[in-house]
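# Would you be able to build a 3D model of this:
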Amino acid sequence: MKILLDSCTFLWVIWDSPRLTRRARQLYQDPGNQVFLSAVSCWEMSLKYRLGKLHLAEDPAVLVPEQRVRHGIAPLPLAEDAALQEARLPAHHRDPFDRMLIAQAIIGGMTILSPDRAFDVYPVKRYW
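Next up, the predicted model:
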């Protein structure tokens, strides 16, 4: 299975947070699954860090790639087809970062690993 991590899920994975459910942890750790972090999530974390809304031990430009590699998470660039897919999504959810993750999951046939039920109104699988 191809799994796309939501931004908060990535942070909880690298922090080994108890907020990560047993099921989410199993899916993330299953060696048969491919796990991805979107460039969109990197952008979101960088923006929130700069605005003081996300507190990290170090700059996301250092932390995110280092932890992504350490945890065996592949990068997912934002491709043109996903960017264009976003405009075709119904306006159920207004968060632009989540909408792009939804578009990427649709285009890439991915399952989103997130606690956010707002994803459920779109034609993507979400596990938590």
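# Sketch out the low-pLDDT regions of this structure for me.
By pLDDT under 70, the chain has no low-scoring segment.
# What ranges does it have for its helices?
7-14, 22-29, 39-50, 60-70, 80-86, 96-108 (DSSP state H).
# Tell me which of these approaches residue 1 most closely.
In this view, the helices of the chain are compared for proximity to residue 1 by C-beta to C-beta, and helix 22-29 is the closest at 7.5 Å. All C-beta atoms are positioned from the backbone trio N, CA, C, and that covers glycine.
# ok, and for that closest one, which residues are buried?
Counting neighbours by 16 or more other C-beta atoms under 10 Å, one finds that the buried residues in helix 22-29 are 24, 27-28.
# Adding distance to residue 121, write the helices of the chain out as JSON lines.
Shown next, in JSON lines, are the helices of the chain (distance: least, C-beta to C-beta, whole Å):
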{"stretch": "helix 7-14", "distance to residue 121": "19"}
{"stretch": "helix 22-29", "distance to residue 121": "20"}
{"stretch": "helix 39-50", "distance to residue 121": "19"}
{"stretch": "helix 60-70", "distance to residue 121": "28"}
{"stretch": "helix 80-86", "distance to residue 121": "15"}
{"stretch": "helix 96-108", "distance to residue 121": "10"}
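# follow-up on the earlier one: residue 60: which of the buried residues of helix 22-29 is nearest?
Of all the buried residues of helix 22-29, the one with the least separation from residue 60 (C-beta to C-beta) is residue 28, at 19.8 Å.
# Wait, that closest one touches residue 113, no?
Yes. Contact status for residue 28 versus residue 113: in contact at 6.5 Å, counting by C-beta atoms under 8 Å.
# shared neighbours, these two?
By the contact definition C-beta atoms under 8 Å, 6 or more residues apart in numbering, residue 28 and residue 113 are jointly contacted by 3, 5, 9, 35.
# Give me the buried entries from the residues you listed.
By neighbour count, with 16+ other C-beta under 10 Å, the shared contacts of residue 28 and residue 113 hold 3, 5, 9, 35 as buried.
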